[in-house]
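# With the input below, show me the fold.
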Amino acid sequence: MLRNYLKTAWRNLRKNKVYSAINILGLAAGMAVALLIGLWVYNEYSYDRFLPGYQQLYRVQRNFNSNGDTLTFRSVSPRLALALKQDIPEVEHVAISDWFTPRGLMVGDKKLFLSGGQAGGDFLKMFQYPLVKGNAQTAMNDPYSIVLTESTAKALFGDADPMNKMVRFNNQHDLKVTGLLKDVPANSTLQFNFLVPFSYIEANNPNFKENQNSYDNNGYQIFVQLKPGVTLAQIAGKIKVIEHSEKENNNAMNSYVTLQPLARWHLYSNYVNGQDTPGFLEYVKTFTLIGILVLLIACINFINLTTARSEKRAREVGVRKAIGSRRKHLIIQFLAESFLLTLIAGAFSLLFVQIALPAFNTLTGGQLSLPIGSAGFWGILLAGIVITALIAGSRPAFYLSSFQPVKVLKSSLGAGKSNSPFRKVLVVAQFSCSIALIVSTVIVYQQVQHAKSRPNGFDLDRLLMTNSSNDLNRNYEALKVELTNKGLITGMTTASSPATDVYWHSNLAQWPGKRADETVEMGIVMVSEDYFKTMGMQIKEGRDFIGLADSNRVIFNEAAVDRLRLKDPVNQTIRWGGRARQVAGVVKDALMTSPFGAADPTMFVIDPGVQDHILYRLAPNVKTADAVTQLTAIFNKYNPAYPYKYEFTDESYAFKFKLEVLIGQLSALFAGLAILISCLGLFGLAAYMAEQRTKEIGIRKVLGASIPQLWLLLSKDFIVLVLLSCLIAAPVTYYYLHDWLQQYQYRITIHPLVFVAAGMAAIVIAILTISFQAIRVARNNPVKSLRTE
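Purely as a prediction, here's the structure:
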């Protein structure tokens, strides 16, 4: 019986090739969008969940009361690691870590400059990344050992076994390879190419033991693993006030320690009043909804075209019922047609996804692929095809099977017309979704451009940054002199943070007007001479640093002056770092962190000994390509152990817009596909309506109707539906986008013209889609359309 249903369904598909093609193409496009989004959403939800026992892993964070504002920091003190290990028996493992900028690895003449981390000995026991060689229990016991990923090992040793061989680390020490990890998956929050034991810092930093004596030195990340069966709720109260043992330490007494589960790191990235809230998760949910909507739009096409053409199938239903077919048999027949068509569309959707994945991965920066070897994937896909077939086919199946044989055989039903209001509702729903996506794309684009065009307080043009090394630190002055004498640069400086970020925050112990128990934590940037000149930042009050003579002086930005309520800040005395310091000047705010918010309060301190990053500006009369060639030779001269690496700071600043740009591009992509699918359905409906009214149009032409009049007759109903879609989409989209914009301090105001423009675009697209059929029918010779009468 089923075979007969499928054979009949196949004949019907072949009989109506044009409408079948429209349905298959529309459903295939909708299913491809849903599948692409599904792969992306699954990847985002899967972050870090591949690690065994991830449910018991947490990141230690602290909420700091800064003058009434709750600030959340991931940087914590080494002393906290000791306290958690000693005072919280429910904690099984603790790993302190430092995830630094790229470091040099050298084996013979092979030199790499890669990012990695230093982590406590328990790290690999907690984070069970697949270890190809070595023992997770002992791999990081020796301070002078290193664990490599497979790709790093291959780059250094080729096909040779790297175990127990030596790697020159940062041109300082030789470290023995004690472990080999599989490459870290792309859906891991922690990304690294090698791991060095944290005991390496302890062995080579004479000040580290001193840092363990106070909760003030917040510069590291700590991870904990709770014992099996222990929940966060059981220990949250004890951990919260663990730093309050330092009664005389304002920083500690205003800090409240929290734990964030590993499973929430990626998607819960925003903090409000010390609580993690959905960050990227909101976008994941939004695009999940978009995927469902696009698929529904494709299903609506199927429903509309099938019910619109019901008059063609009415007599078939009547004859079948007259010779004994029961309604349930007809329902199965029509659902079989829907399933067959959806199955074909599903096959095409896989092809579309396979073709689109490379471009989609480039757009999202992901590494998605079709998991064709997974039985689960095929099961989900088949379930999706069945559900789609039921959604698309249920309405036509129940509608067509309800026809009364007496009426349809007498031609008194008017089948296509009786379902017209329902079809109109579906067309309005289609275009409402499409218009909402168009408006969203425009608003996201405007918000990004609004922030990009905002004055950022520094000049990033031709400003380069290179991560420093021991050799570059030692040869810094000679390097600066040579680059200046050769006319390659107009300024050079060093800093503890890159130009477009602030890595370190600390609280001030004292300042004029400080209230009792008041605390203020702000960004700290250690700099050398010529920092503000090189960065293009303007001194507003006072003066710039003049060298080591100013080691007891600081410069605040405007935001810091406002936070501290200093009316005449220059020459006033503050206390920080265990000593009194004078304010040398005030620099204008620069957007070193978020381009969408206000500048963070920041204090600049001169300390040439801190040279993590070298910043230098190319001379305007030197071509960039020529400058890089010469810079490579000079940097290699003073830093022979490692290849010359650089980055343009304007590219680093542009990276801050990556998420918003991605959301805008995905919105544009899916808006275009939604419009395309909607227009396919509209094209099919217009073709069918034109076919149904062929004789009416012939009579009107005989009576003198012009082509424009006939075009208007066939198009006006559709145009009215699109106009109604605009009216419905506008308030809903405004509500959603207005809410989305609230997360940005610096944001646009939504202008009504955006909705007008989107509505006009939708109307124009609809008119172009309809006009092909309308004009074709209007130009037909009425003699041909009336000759059968």
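# So which helix or strand of this structure has the lowest pLDDT on average?
Lowest by mean pLDDT, DSSP states H and E among the helices and strands of the chain is helix 415-418, with a mean of 46.
# which stretch of helix or strand covers the residue most central in space within the chain?
Nearest residue to the geometric centre of the chain (CA atoms, centre = their mean): L659, 4.6 Å. Element membership for L659 (DSSP states H and E) is helix 658-692.
# Quick one: list the elements packing against whichever helix or strand comes after that helix.
Sequence order places helix 694-702 as the next helix or strand after helix 658-692, per DSSP H and E. Contact here means 3 or more CB pairs under 8 Å, 6 or more residues apart in numbering; DSSP states H and E; on that basis helix 694-702 packs against helix 707-741, helix 752-778, helix 782-786. All C-beta atoms are positioned from the backbone trio N, CA, C, and that covers glycine.
# what comes up buried for the longest one?
In other words, helix 707-741. For helix 707-741, the neighbour count (16 or more other CB atoms under 10 Å) marks 710-711, 713-715, 718, 721-722, 724-726, 728-730, 733-734, 737, 740-741 as buried.
# Kindly report the same for the second one.
Along helix 752-778, these residues count as buried under the neighbour rule (16+ other CB under 10 Å): 754-755, 758-759, 761-763, 765-766, 769-770, 773-775, 777-778.
# hmm, which two among the residues you listed are most spread apart?
Comparing all pairs in the buried residues of helix 752-778 by CB to CB, the longest separation belongs to V754 and V777, at 35.4 Å.
# on that earlier part again, check which residues of the helix holding L659 are buried.
By neighbour count on 16+ other CB under 10 Å, the buried set for helix 658-692 is 660-661, 663-664, 666-671, 673-690.
# Let me see the mean pLDDT of it.
Average pLDDT, helix 658-692: 79.
# Near the residue lying closest to A599 once chain neighbours are set aside, how many other residues are there?
Spatially, and ignoring its direct neighbours in sequence, A599 is nearest to D589 (3.6 Å; CB to CB, 6 or more residues apart in numbering). By other CB atoms under 10 Å, 24 other residues sit near D589.
# any idea how far D589 is from R581?
Per CB to CB, to the nearest Å, D589 is found 21 Å from R581.
# What of L36?
From L36 over to R581 the distance is 55 Å, taken as CB to CB.
# of these two, who's got more company?
Applying other CB under 10 Å to L36 and R581 shows that L36 carries more neighbours, namely 25 against 19.
# buried residues in the longest helix along the chain?
Taking DSSP state H as the criterion, the chain has its longest helix at helix 327-364. By 16+ other CB under 10 Å, the buried positions in helix 327-364 come out as 330-346, 348-350, 352-353, 356-357, 360, 364.
# list the helices and strands it packs on?
Using 3+ CB pairs under 8 Å, 6+ apart, the elements in contact with helix 327-364 are helix 2-15, helix 17-45, helix 310-322, helix 375-400, helix 658-692.
# same thing but 7 Å
Applying 3 or more CB pairs under 7 Å, 6 or more residues apart in numbering; DSSP states H and E, we find helix 327-364 packed against helix 2-15, helix 17-45, helix 375-400.
# centre of the chain versus the helix or strand just after the second one, how much separation?
Moving toward the C-terminus from helix 17-45, the first helix or strand encountered (DSSP H and E) is strand 57-66. Strand 57-66 has its average C-alpha position 23 Å from the chain's average C-alpha position, going by CA atoms, centre = their mean, to the nearest Å.
# who's in contact with strand 57-66?
With contacts defined as CB atoms under 7 Å, 6 or more residues apart in numbering, strand 57-66 is touched by 70-74, 76, 80, 126, 221-226, 254-262, 265, 274, 519-521.
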